[in-house]
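Student: fold the following.
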Amino acid sequence: MKKATVIFLLLCVASLGLKADVITISQCVEKAVDHYPSVRKYDLLAATCEVELSDINRAWLPRISASAQATVQNAVPSFPEALSGILSQMGQSFEGLGKLQYKVGADVSQNIWDGGVSNARRQLQKAATETQQSALDVELYSVRQRVENLYFAILLSEEQIKLNENMAALIRSNRDRLEAMLRNGTAMQSDVDMLEAQALVVGQNIVQAKSAADGYRKVLEIFIGESLRNRELEKPAMSMPSSYNSDRPELKLFERKLGLIEAGRRLSDTSIMPKIGLFAQAYYGYPGFDYFGSMRNRDMSFNILAGVKVSWNIDSFYTRRNSQRRSDFEMRDIDTDKEIFLFNTGMQSASAMESINGLRDVMSKDSQIISLRRKVREAAESQLANGVIDATALLTKINDENQAVLTASFHEIELLQQIYNLKYILNR
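Tutor: So this is what the prediction gives:
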């Protein structure tokens, strides 16, 4: 009982190990996209957008500037001589403003309403980031097709290896039979040599197919960033797309570009709006705002000025119409590009559907052809044993059967590739 339990556990572990060695086409695509260098740009775009939005939000912080100056003037405001004389007779002495003037101060300004500029800039930055991200989605989407093509190339090469190995085993079996007949004097050495030569040719085909499969595997390993050594590629299920409506990332990129233009238009509209803000000026120095006091003595004083400022630049009214027309032209250009893209993808999907339907019609006869070729080959083996035909005729029948099997396998993988090509065209 204990021995049976141990054997059962070992079989379970072995089965888990076998499952772990299988990789699917969707896993390869996912790993390739995650490993592709451009994927790191997503984080950079998000970080850049965060920095830009932070700078835009800081536009609402008070603007403070400090200054210090000292000047010497050749002329300053002064009382008329007649008035100075009168003041002197009254015992009042006014030296007048000094030609040496100096002050240390600060200016403070605060936006109250910027006409919607900050909000429009935030929306424009978000739209620009989303457009860049969509462009990156399009770039990474092309990786999917390259990985899928490599995947099917590996499947086809490995299928060729398998079929050639089966053919080699069949040739060896018939060669052994001919060698036995040669020993009995019922076959010729040339017949044995012919099968031996064909076995070598098949061996060369196996080497070439293995070399091609290894090359494709190495490229796929670079894409996904991990080794495929001793890992089996699972043959995908032959399932058609669930929907035939296109969901390509290019369509989202077109929408994001339109959104970016619209955000730029809203920012342009804010240029015709007035701006309202508070301001304050303060300084300590000479002369002060009280000129009479500064004329009486040269003492430094503290001075402050505050108020509300309304500004309205009407220059944008002159170019607003052309700016709107320019935006309209850009949006129409993008709409045209979108229509061209949908037209091309429509033709591609129609062509892929025709290829799929054609391959299905062809494949409906593959099994029948293989069955007939196998029967002919088996009959030829019997005829060779009875001395009715020679090895050349048998070899022809073997090649015909192998070609039929190889063609059927090629049709199956080609159909799978066409289905996945249709899925790529539609992003399904």
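
Student: spell out, range by range, the helices that occur in the stretch 251-400 of the chain.
Tutor: Ranges of helices within the stretch 251-400 of the chain are 291-296, 316-363, 366-385, 391-426, based on DSSP state H, counting those that start in this stretch.

Student: for my notes, confirm residue 71 occurs in a strand.
Tutor: Yes: assignment of residue 71 by DSSP: H, G, I helix; E, B strand; the rest coil places it within a strand.

Student: excluding its backbone neighbours, what's nearest it?
Tutor: Counting by Cβ to Cβ, 6 or more residues apart in numbering, residue 71 lies nearest to residue 101, which is 5.1 Å off, once chain neighbours are set aside. C-beta: built from backbone N, CA, C; applies to glycine.

Student: assumed the one you found was part of a strand.
Tutor: Yes: under three-state DSSP, residue 101 falls within a strand.

Student: what sits against it?
Tutor: Contacts for residue 101 (Cβ atoms under 8 Å, 6 or more residues apart in numbering) come out as 70, 71, 72, 73, 76, 285, 286, 287.

Student: now with 10 Å?
Tutor: By Cβ atoms under 10 Å, 6 or more residues apart in numbering, residue 101 lies in contact with 69, 70, 71, 72, 73, 76, 285, 286, 287, 294, 298.

Student: including pLDDT, could those go into JSON lines?
Tutor: Below are those laid out as JSON lines (pLDDT from 0 to 100):
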{"residue": "69", "pLDDT": "92"}
{"residue": "70", "pLDDT": "92"}
{"residue": "71", "pLDDT": "92"}
{"residue": "72", "pLDDT": "90"}
{"residue": "73", "pLDDT": "86"}
{"residue": "76", "pLDDT": "80"}
{"residue": "285", "pLDDT": "92"}
{"residue": "286", "pLDDT": "89"}
{"residue": "287", "pLDDT": "88"}
{"residue": "294", "pLDDT": "80"}
{"residue": "298", "pLDDT": "82"}
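
Student: and which of these is nearest to residue 268?
Tutor: Nearest to residue 268 among these is residue 69, at 38.9 Å by Cβ to Cβ.

Student: re the thing from before, out of the contacts of residue 101, which are buried?
Tutor: Among the contacts of residue 101, those classed as buried by neighbour count (16 or more other Cβ atoms under 10 Å) are 285, 286, 287, 294.

Student: now the residues you listed as a markdown table including distance to residue 408?
Tutor: Below are the buried ones among the contacts of residue 101 laid out as a markdown table (distance: Cβ to Cβ, whole Å):
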| residue | distance to residue 408 |
| --- | --- |
| 285 | 98 |
| 286 | 103 |
| 287 | 103 |
| 294 | 106 |
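
Student: thinking residue 244 is in contact with residue 427, fair?
Tutor: No: counting by Cβ atoms under 10 Å, residue 244 does not reach residue 427; the two are 11.3 Å apart.

Student: residues in contact with stretch 396-405?
Tutor: Against stretch 396-405 from outside (Cβ under 10 Å, 6+ apart): 159, 162-164, 166-168, 170-171, 174, 195, 198, 202, 366-381, 383-384, 389, 391.

Student: what do you get if the cut-off is 6 Å, keeping everything else the same?
Tutor: Under the contact criterion Cβ atoms under 6 Å, 6 or more residues apart in numbering, stretch 396-405 has outside partners 163, 167, 369, 370, 373, 374, 376, 377, 380.

Student: let me have those in JSON lines, extended by neighbour count.
Tutor: Shown next, in JSON lines, are these (neighbours: other Cβ atoms under 10 Å):
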{"residue": "163", "neighbour count": "21"}
{"residue": "167", "neighbour count": "22"}
{"residue": "369", "neighbour count": "16"}
{"residue": "370", "neighbour count": "18"}
{"residue": "373", "neighbour count": "19"}
{"residue": "374", "neighbour count": "15"}
{"residue": "376", "neighbour count": "16"}
{"residue": "377", "neighbour count": "22"}
{"residue": "380", "neighbour count": "22"}
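
Student: out of the residues you listed, which comes closest to residue 190?
Tutor: Once Cβ to Cβ is applied, the member of the contacts of stretch 396-405 that ends up nearest residue 190 is residue 380, at 17.3 Å.

Student: the closest one: what's it in contact with?
Tutor: When the contact criterion is Cβ under 6 Å, 6+ apart, the partners of residue 380 are 394, 397.

Student: roughly how far does it sit from residue 172?
Tutor: Distance of residue 380 to residue 172, given as Cβ to Cβ, to the nearest Å: 16 Å.

Student: deepest in the core, which of the helices of the stretch 251-400 of the chain is it.
Tutor: Among those, judged by mean count of other Cβ atoms under 10 Å, the one packed with the most neighbours on average is helix 391-426 (a mean of 19).

Student: pLDDT of that helix, averaged?
Tutor: The predicted model assigns helix 391-426 a mean pLDDT of 88.

Student: quick one: that helix to helix 366-385, angle?
Tutor: Helix 391-426 and helix 366-385 are oriented at 170 degrees to each other (axes from the mean of the first three to the mean of the last three Cα atoms, to 10 degrees).

Student: pull the distance from stretch 26-38 to the chain's centre.
Tutor: Relative to its parent chain, stretch 26-38 has a centroid offset of 10 Å by Cα atoms, centre = their mean, to the nearest Å.

Student: buried sites along it?
Tutor: Residues of stretch 26-38 classed as buried by neighbour count (16+ other Cβ under 10 Å): 28, 29, 31, 32, 33, 36.

Student: let me know the average pLDDT across it.
Tutor: Averaged across stretch 26-38, pLDDT comes to 92.

Student: and what of stretch 221-241?
Tutor: Per-residue scores along stretch 221-241 average to 89.

Student: ok, residues contacting it?
Tutor: With Cβ under 6 Å, 6+ apart as the test, stretch 221-241 has contacts from 21-25, 28, 31-32, 35, 147, 154, 217, 416, 423, 426, 428.

Student: how is the protein divided into domains?
Tutor: The chain breaks down into these domains under automatic domain parsing: 27-61+114-274+312-426, 62-113+275-311.

Student: quote the end-to-end distance of the first one.
Tutor: With Cα to Cα, to the nearest Å applied, domain 27-61+114-274+312-426 spans 19 Å between its terminal residues.

Student: in the sheet, who's paired with the residue lying closest to residue 290 once chain neighbours are set aside?
Tutor: Nearest residue to residue 290, sequence neighbours excluded (Cβ to Cβ, 6+ apart): residue 301, at 7.2 Å. Beta bridges link residue 301 to residue 285 when assigned by DSSP bridges.

Student: right, and residue 301 touches residue 288 too?
Tutor: Yes: using Cβ atoms under 6 Å, residue 301 is in contact with residue 288, at 3.8 Å.

Student: for the stretch 1-150 of the chain, which segments count as strands?
Tutor: 22-23, 63-72, 100-113 (DSSP state E, counting those that start in this stretch).
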